[in-house]
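> I would like the atomic coordinates for the input below:
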Amino acid sequence: MDWDEFYREAEYDRCAYLAGEEMADLLALFLETVAGDDGAMPRDLSSVGCGPAVVPFELAERYPEMDVYGYDLSETVVRDNRLLAAERGLENLHFAVDELPDLATDREFDVVYCVATLYFVADPESALRALFDLVCEGGHLVVNYPTDRLQRAVREEFDERKREAFHLVRDGENLITRERVREVLGAEPHDYWSAVDATAVLEENPEWPTVYVEK
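Numbering: from 1, shown residues only. Next comes the predicted model:
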């Protein structure tokens, strides 16, 4: 999938994935209750594979004291995001081009958020390690990953165009389990949906397991 071509040639929607606009509210709840359980909000957050960055924009507006970074491999969407952030006067919102699994940034963050991205990464284990390397000590990684349930959904429910975009999942080339996430990171993954009181999301969409891991 050529994502830069996709964003360059398509009239793409600025939408959040999985649970839609609710994703920003859920992550805000996570920041305030799990990541900020000591009473202090996270100082910074990165969204890796941010795309149109609906969640980063919302969080940057809600928490002006928190630095929010968005990374994506598409130069087009990064440029568009920068222009929109400038238009909205969001000086705490930053964007850069970067790509999993070989991330170039050497920053560490209190929270690293990577949702609906590993579906399109050929080596999810290397990507998980790279993401966890971005997390500062005591910080959290929030991530979801492609599973055999998602593979069945891709094969049986997606239209042809969407199946092709998800070809790695469709062909079983990048599937991973929660147990393997634990082994790769050497830390216990916890259910994100439960942490943000949104278990109904997973009940309705069991192909979307999402976890958080504390470093």
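> Around the closest residue to residue 196 other than its chain neighbours, how many other residues sit close by?
In this structure, residue 196 finds its nearest non-sequential neighbour in residue 26, 4.4 Å apart by Cβ to Cβ, 6 or more residues apart in numbering. Yep, even glycine has a C-beta here, placed from its N, CA and C like the rest. The local packing of residue 26 (other Cβ atoms under 10 Å) involves 22 other residues.
> Now for residue 47, which secondary structure element holds it?
strand 44-48 (DSSP states H and E).
> same deal with residue 86?
Per DSSP H and E: helix 75-87 holds residue 86.
> swap in residue 211?
In this assignment (DSSP H and E), residue 211 forms part of strand 210-214.
> what does residue 180 give?
Assigned by DSSP H and E, residue 180 belongs to helix 178-185.
> any idea how far the residue nearest in space to the middle of the chain is from residue 74?
For the chain, the residue nearest the mean C-alpha position is residue 114 (2.1 Å; Cα atoms, centre = their mean). Going from residue 114 to residue 74 by Cβ to Cβ, to the nearest Å gives 15 Å.
> Ok, residue 96 next?
Relative to residue 74, and taking Cβ to Cβ, residue 96 is found at 12 Å.
> So between these two, which is more surrounded?
Each of residue 96 and residue 74 has its neighbours counted (other Cβ under 10 Å); residue 74 has more, 23 against 16.
> for residue 42, phi and psi?
Main-chain torsions, residue 42, degrees, to the nearest 10: phi -60, psi 140.
> All the strands of this structure, residue numbers only.
All strands of the chain, identified by DSSP state E, fall at 44-48, 67-72, 93-97, 109-114, 135-144, 189-191, 210-214.
> so can I have CSV of those showing mean pLDDT and distance to residue 165?
Below are the strands of the chain laid out as CSV (pLDDT from 0 to 100; distance: least, Cβ to Cβ, whole Å):
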stretch, mean pLDDT, distance to residue 165
strand 44-48, 98, 19
strand 67-72, 97, 16
strand 93-97, 97, 20
strand 109-114, 98, 18
strand 135-144, 96, 16
strand 189-191, 97, 26
strand 210-214, 97, 20
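> Tabulate those (JSON lines), appending distance to residue 125.
Putting the strands of the chain into JSON lines (distance: least, Cβ to Cβ, whole Å) gives the following:
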{"stretch": "strand 44-48", "distance to residue 125": "15"}
{"stretch": "strand 67-72", "distance to residue 125": "19"}
{"stretch": "strand 93-97", "distance to residue 125": "23"}
{"stretch": "strand 109-114", "distance to residue 125": "14"}
{"stretch": "strand 135-144", "distance to residue 125": "12"}
{"stretch": "strand 189-191", "distance to residue 125": "14"}
{"stretch": "strand 210-214", "distance to residue 125": "14"}
